[in-house]
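J.: One predicted model, sequence on top.
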Amino acid sequence: QQQVKQSPQSLIVQKGGISIINCAYENTAFDYFPWYQQFPGKGPALLIAIRPDVSEKKEGRFTISFNKSAKQFSLHIMDSQPGDSATYFCAASMDSGAGSYQLTFGKGTKLSVIP
Amino acid sequence: GAVVSQHPSRVICKSGTSVKIECRSLDFQATTMFWYRQFPKQSLMLMATSNEGSKATYEQGVEKDKFLINHASLTLSTLTVTSAHPEDSSFYICSALGQAYNQPQHFGDGTRLSIL
């Protein structure tokens, strides 16, 4: 069954702190793992993504750590800012036929960064 | 970067009305578009996958006669909610996928549908 489990459901971090969100997956056929950021009333925006051939990817304050053997990946937000307050979704995809690459989403983490 | 435009952003209408939502890829050709539904404080639920020039593939439990999808060109897909009822009220989001291998999905800003 295609599932992506995300935790925690909500997270409160102080400004300047590190926010960590974890995801785990079952299907080893997944080969692409994006993270999306969603603000209220808006669609998700791609934040950062990783493929299973690397263990870490960093873009600015955002880092994905990927553990292929454990089938887990996580998002780290360094120096968290109030503007980072949003809902974060991890996702996984594979080619599901005809090049469609459907995304399987985690349930989301609501991050609140307090001053 | 890639931009996906979704229109309208908000619709309020009476029960029984049919509502059409448009999803356009503005700077790339999208062979595949996806339609999602999102309830408050929940994740995105895939409704259907739309490939240009062919019939949409609906997820289990999604009524294809209720949610009509048309993907007539490489830059436009439409979702029509036919004879909408209050239980169809939700946040509908589209995404578009480019033609290159393993490209990310780019999402529109969603349509808030409220049926009175």
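T.: Arrived safely, thanks for sending. Note that the structure is predicted; figures quoted are calculated from it, not measured.

J.: Contacts only, for B:Phe107.
T.: Residues near B:Phe107 by CB atoms under 8 Å, 6 or more residues apart in numbering or on different chains: A:36, A:43-46, B:4, B:93-95. The C-beta positions use only the backbone N, C-alpha and C, and glycine is treated the same way.

J.: Recalculate using a threshold of 10 Å.
T.: A:36, A:38, A:42-46, A:103, B:2, B:4, B:6, B:23, B:34, B:36, B:44, B:93-96 (CB atoms under 10 Å, 6 or more residues apart in numbering or on different chains).

J.: repeat for B:Gly110
T.: So B:Gly110 contacts A:38, A:41-44, B:6, B:9-10, B:21, B:36, B:38, B:44, B:90-94 (CB under 10 Å, 6+ apart).

J.: same question, B:Gly53
T.: Applying CB under 10 Å, 6+ apart, the residues near B:Gly53 are B:31, B:71-74.

J.: Look up the closest residue to the residue in chain B positioned nearest to chain A, ignoring the ones flanking it.
T.: Residue nearest to chain A within chain B (CB to the nearest CB): B:Phe107, separated by 3.8 Å. Spatial nearest neighbour of B:Phe107, excluding adjacent residues (CB to CB, 6 or more residues apart in numbering or on different chains): A:Gly43 at 3.8 Å.

J.: Let me see the confidence value for the one you found.
T.: Note for A:Gly43: predicted pLDDT of 95.

J.: cool, A:Thr109 as well?
T.: 98.

J.: Quick check: beta-bridge partners of it?
T.: A:Tyr88 (DSSP bridges).
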